[in-house]
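>>> How does the following fold in three dimensions:
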Amino acid sequence: MRGSKRMNETFRQLERALDVLMRWGSVGCLAAIFILISAGIFVRFVPVSSMGWADELIEMGFAWMVFLGATVLWKERTHFRVDIIPNWLAGSEGGRRLDILLNLMNLAFFAVFAYEGGVLTLRTTDPSPILAWPKAIWYSIMPISGALLASYTLRDLVILFRRRSLT
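A predicted model of the protein is given here:
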């Protein structure tokens, strides 16, 4: 029993750390994008430096911001969704079954997404044109995010199979 409580607390701490990392990673990417775009606009009017390299960082930052942010929203179940039918069936056995079906479909999608994102990341050998960084850095967020999205979906399925509500 003691080991179980200790392990649960360890998982909670890891989840909190991951949550902070995803949130601040997404915010950091947004801030970097804002600064780089603002600097790019400034140097167009006051040509003090060339910022051709910034486009690559903006592209990478945008990808990482979107996938990290989407993962946080999914984790908290605050993402956009069309929920007319789930709301009609909320609290009923049919609603729980629909939630299970939807989560199984989500899990299948995220598993394929994570796998194919991993394949793309591993097969990418080209460097970026200006910075000459491996393009795999741009794509590596896809398998990471896909695996996290799948794990949060599994969490929701466990809750649903225990006949509890997700809210």
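
>>> So His79 sits against Val72, correct?
No - taking C-beta atoms under 8 Å as the definition, His79 is not a contact partner of Val72, at 9.2 Å. For the C-beta atoms, the positions are set from N, CA and C on the backbone; glycine is no exception.

>>> so is the nearest residue to Val72 once chain neighbours are set aside in a helix, a strand, or just coil?
Counting by C-beta to C-beta, 6 or more residues apart in numbering, the nearest residue to Val72 once its immediate chain neighbours are dropped is Met22, at 5.1 Å. Reducing the assignment to helix, strand or coil with DSSP: H, G, I helix; E, B strand; the rest coil, the entry for Met22 is helix.

>>> show me the contacts for Met22.
Contacts for Met22 were tallied using C-beta atoms under 8 Å, 6 or more residues apart in numbering; they are 68-69, 71-72, 75, 148.

>>> out of the residues you listed, which is most surrounded?
When those are compared by neighbour count (other C-beta atoms under 10 Å), Thr71 ends up highest, at 26 neighbours.

>>> ok, it touching Ser145?
Yes - using C-beta under 8 Å, Thr71 and Ser145 qualify as a contacting pair, with a distance of 5.0 Å.

>>> for Ala90, helix, strand, or coil?
For Ala90, the assignment made with three-state DSSP gives coil.

>>> got a pLDDT number for it?
Per-residue confidence for Ala90 comes out at a pLDDT of 86.
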